[in-house]
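Asks: make a model of this:
(chains A and B)
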Amino acid sequence: MLSFIMALVAGAVRLSTPFLFVSLGETITEKSGRINLGLEGILVFGALSGFGASYLSGSALIGVVAAGIGGALLGAIHGWLCGRPGTSSIAVGIAMMVFGLGISFYLGKPLIQPKAPQLPDIDLGWWATSPAVRAALRINLLFVLGLLMAPFLRWAFRSTRYGLIVRMAGENAQAARAAGYSVECVRLLATMAGGALGGIGGSFLSLYYPGAWTEGLSSGQGLMAVALVIFARWDPMRCLWASLIFGAAGSLGVALQSIGISQGFHLFNAAPAMLTLIIMTASSSTSGNSGRPRELTVFS
Amino acid sequence: MELRQLVSRIARQVGALLFGLLLFLIFVAVQGRNPLAVLSDLAFGAFGNSFSWQNTLVRTAPLLLTALCTIVPAQAGIVIIGNEGALLMGGLGAVLGSMAFGFLPPAAGIPVILIAGSLLGAIWISLSGILRQARGVDPTISSLLLHYVGLAIFLFLVEGPLRDPATLNKPSSWSIPEALRIGRLGSSDVHVGLVLGLIACLGMWVLLKYSAWGFGVRIAGGNPRTAAMMGLPRNSPVIAVCAIGGACAGLAGAVEVSAIHYNANASLASGYGFSGILVAFAARQNPLAAIPVSLLLGGLHAAGGILQRRHGLSDASINVLQGLMFLAILMADGWGASTRRTAKG
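Replies: Prediction:
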C-alpha cells in the first residue's frame, strides 16, 4: 500500500508539469477574455520544437526556449485569427488543433528515432535509503519553475499594472478601451504568452517524461487544461493543486503496476479524461461567483 | 436564399479551400519540392484515373458520415468535435454485433451489424448532449474528452477481451464473418458505405430543412427563449441531434470495419473523424454541401500515398494541408462577416 501511495505521489509530481504549464498559460489567455481551445496543438508543437532544438543544439534548455517560442508563434496565429471580425474562437481553436498536430507530425517524422539531450533532475531525495522515496523526490527543473510561477502569476494578476490590464480586458472590454488600451492587442499578447507556456509544457513531454518524440505523445492534456482552468476558477494557485490531482490520476496505471496490477493499462490512460468529465459534470452548475472573466461568454 | 447570395457563398468557400492549397504548395516549395509537380500529382492521385477515383470514393464514404456528426448537432448550436470517438465506438459495435448475431443470414445480419455500430455511436455523442442539457457541460470539450475515453475502451477491448489470439503483431478483435461483410459496387473497390453516406446526407438535408422537427431544432439552437415561448421541447431536440450525429459517425466506423478492415484494431483510428470536422466547417454545416467537400477531402487522402512515393513527403503532409485549409476557411469567415449568420459556432 505504501509503495502504491509513493508511486502515486511520484506520478503526481511527474505528470502534473504539462498540466500545470498549459493551465497557467490558458489562465492568462482566458483572463484577457479569450479562450484558446487549440492548446492541444500548441502542446504537441512545443514538444516537437523542444525536442528538435535540443537534438540539434545539444542543450535541453535551448529546447525549452525553442518550445516556448514555437508555442508563442502558434498562439500569435490563433490570436490574430480570433481578432478578425466574425470568427468564432472555438472554431479557430479546433482548426489550430488540427493544424498544430498536422505540422508537428510532419516536421517530426525524422525525429522519431533519434535521442535528444534530456532535462536534468534535481535530486532532493539523496538522504533517503528507500529507492521508491528517492525516485519520488527526484524532481524536474520545469516542475520547480511551474511551482514558482503559480504564486508569481497570482501576485501579478492581483498587484501589477500588467496583470490589471489583462484582467480589465477580460472583465470589461469597454472600460479597457476607455482607459486607452487596445483590447485586441492585450488579448493577442495574452494568447501568445499562454501559447509560450503551453509550448514549454509540451517540451516537458519530449524532454523529460516520457522523454522522446512520438505522435501519440499527448493524450489530450492540452484540451483537459481548458477544463482544468474552469475547475480552478481562473486562479493560478488552484491550477497548481488541480494539476497535481490530474497528475495523480494519470499515474494511476503505473502506481497499480507497482503493486502488481497490470491489467487494463489502456483504461487507466484515460483516467485524467474521465476525471475531467466527472469534475465538469459535478461543478458546472455552480454559476454565480465562479471567477469567470465576464468577457468570456463562450461557455454557456 | 437568393441565387446570387448562394453563388457568392460557394465562391468564398471554394476560394478559401484553394487558398489553403496555395499555402500548402508554398510550404512544399519551402521544403525544396516542385509545387507544380506536387499539385499535378495531387490532382492525379485524387481524380486522375479510375483507380484513383475508386480510392477517393472509398475514403469519401466515411467522411460523409463523420461530417454529419458535427453538422447535425450544429443545427441546434452544438459544436461536436468527438467524431473520431463515435467512429471507434461504431467499429466496436460492429464487432460486438457480429459476435452476437454472426449466425444470422446476410440479409438480416448485415443490417444488425451496421445498426449495432450506429447505436453505440449514438449513445456516445448523446452523452455530450445529455451532459449539456442536464449539467451545462460544454459539449465541444466533453465530446473530445469522450473521444479519449472511447479510444481507451476501444483499445482495451480489441487488444484484451475481444482479441483474436491469432493476431500477434497487430492485436485485433475477432473478424466479422465473410458472409456478413458489406458488398462492393459492381467490380470496383467502392463499397455500399458510399451509398449509405450519400443517403444520410440527402436525408438529413431534407429532414432539417423541410420537416417541422428540423424547424424546431433550428429554433432551439438559434433562440432557446423563442422555443420555450412556442412551447417547443427544450432538451429532446438537442439530445436527438447529438444522437443522430453520433449514429452517423458510428455507422462510418461500422462500415470501415465491415468493408475495409474486417476486424477492429488501432488502425481504425486513422483520422476520418477529425477530417469530418473540417468537412463540416468547410460545408458551412450544410449536409448537402458536405457531399462535394467530402469528395474533395477524400481525394486528398487518396493522393497522400502518391505524394509519399513520388516526392518523399510523409503521410502527415495531408494533415498539414487539412490544417491549412481549415485555417483558410476561418479566415474567409472574416471576409464576409457582415452577411454571415452568427450562431453556427
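
Asks: going forward, measure contacts and count neighbours with C-alpha atoms only.
Replies: Noted.

Asks: neighbours of whatever residue of chain B ends up closest to chain A, how many?
Replies: Nearest to chain A in chain B, going by C-alpha to the nearest C-alpha, is B:G323, at a distance of 3.8 Å. Residue neighbour count, defined by other C-alpha atoms under 10 Å in any protein chain shown, stands at 26 for B:G323.

Asks: next one: A:L124
Replies: Per other C-alpha under 10 Å, the neighbour tally for A:L124 reads 14.

Asks: wait, it sits on A:N140?
Replies: No - between A:L124 and A:N140 there is no contact under C-alpha atoms under 8 Å: 10.2 Å.

Asks: shared neighbours, the two?
Replies: Residues touching both A:L124 and A:N140 (C-alpha atoms under 8 Å, 6 or more residues apart in numbering or on different chains): there are none.

Asks: next up, the contacts around the residue of chain B closest to chain A.
Replies: A:95-96, A:98-100, A:102.

Asks: at 7 Å instead, please
Replies: By C-alpha atoms under 7 Å, 6 or more residues apart in numbering or on different chains, the residues touching B:G323 are A:95, A:98-99, A:102.

Asks: same check, this time on B:A290
Replies: Counting by C-alpha under 7 Å, 6+ apart, B:A290 touches B:64, B:279-280, B:283.

Asks: 6 Å - rerun?
Replies: B:A283 (C-alpha atoms under 6 Å, 6 or more residues apart in numbering or on different chains).

Asks: give me the phi and psi for it.
Replies: Per-residue torsions, B:A290: phi -60, psi -20 (degrees, to the nearest 10).

Asks: now do the same for it: its pLDDT.
Replies: Predicted confidence (pLDDT) at B:A290: the value is 97.

Asks: likewise for B:A94?
Replies: Among the per-residue scores, B:A94 shows a pLDDT of 98.

Asks: in this structure it contacts B:G117, no?
Replies: Yes - if you go by C-alpha atoms under 6 Å, B:A94 and B:G117 touch, sitting 4.8 Å apart.

Asks: list residues touching both of the two?
Replies: B:A254.

Asks: name the residues of the stretch 51-200 of chain B found near chain A, please.
Replies: Proximity of the stretch 51-200 of chain B to chain A is confined to B:135, B:145, B:149, B:152, B:156 under the rule C-alpha under 6 Å from any C-alpha of the partner chain.

Asks: what about 10 Å?
Replies: By C-alpha under 10 Å from any C-alpha of the partner chain, the residues of the stretch 51-200 of chain B that approach chain A are B:79, B:81, B:128, B:131-132, B:134-157, B:159-160.

Asks: can you flag which of the residues you listed belong to helices?
Replies: Secondary structure assignment by DSSP state H places B:128, B:131-132, B:134-135, B:139-157 of those in helices.

Asks: A:G260 should be in a strand, yeah?
Replies: No - under DSSP: H, G, I helix; E, B strand; the rest coil, A:G260 falls outside any strand and is assigned coil.

Asks: ok, it - contacts?
Replies: A:G260 is in contact with A:4, A:254, counting by C-alpha atoms under 10 Å, 6 or more residues apart in numbering or on different chains.

Asks: got a pLDDT number for the closest residue to chain B within chain A?
Replies: Distances between chain A and chain B by C-alpha to the nearest C-alpha are smallest at A:F99, namely 3.8 Å. At A:F99, the model reports a pLDDT of 95.

Asks: looking at the chain, which helix or strand is least sure?
Replies: No chain in the question, so chain A it is. Ranking every helix and strand in chain A by mean pLDDT, DSSP states H and E puts helix A:131-136 at the bottom, with a mean of 74.

Asks: um, chain B though
Replies: helix B:224-229 (a mean of 83).

Asks: that helix: how far from the chain's middle?
Replies: From the chain centre to the centre of helix B:224-229 is a distance of 31 Å (C-alpha atoms, centre = their mean, to the nearest Å).

Asks: buried residues, it. List them.
Replies: Buried residues in helix B:224-229, counted by 16 or more other C-alpha atoms under 10 Å in any protein chain shown: B:224, B:227.

Asks: repeat for stretch A:252-268
Replies: Buried-residue list, stretch A:252-268, by 16+ other C-alpha under 10 Å: A:252-256, A:258, A:264-268.

Asks: now do the contacts for the residue located most distally from the centre of chain B.
Replies: What lies farthest from the middle of chain B is B:M229; by C-alpha atoms, centre = their mean that is 34.7 Å. Contacts of B:M229 were listed using C-alpha under 10 Å, 6+ apart, and none were found.

Asks: can you tell me how far it is from B:A220?
Replies: Note on B:M229: its distance to B:A220, by C-alpha to C-alpha, to the nearest Å, is 11 Å.

Asks: next one: B:N49
Replies: Noted for B:N49: a distance of 46 Å to B:A220, by C-alpha to C-alpha.
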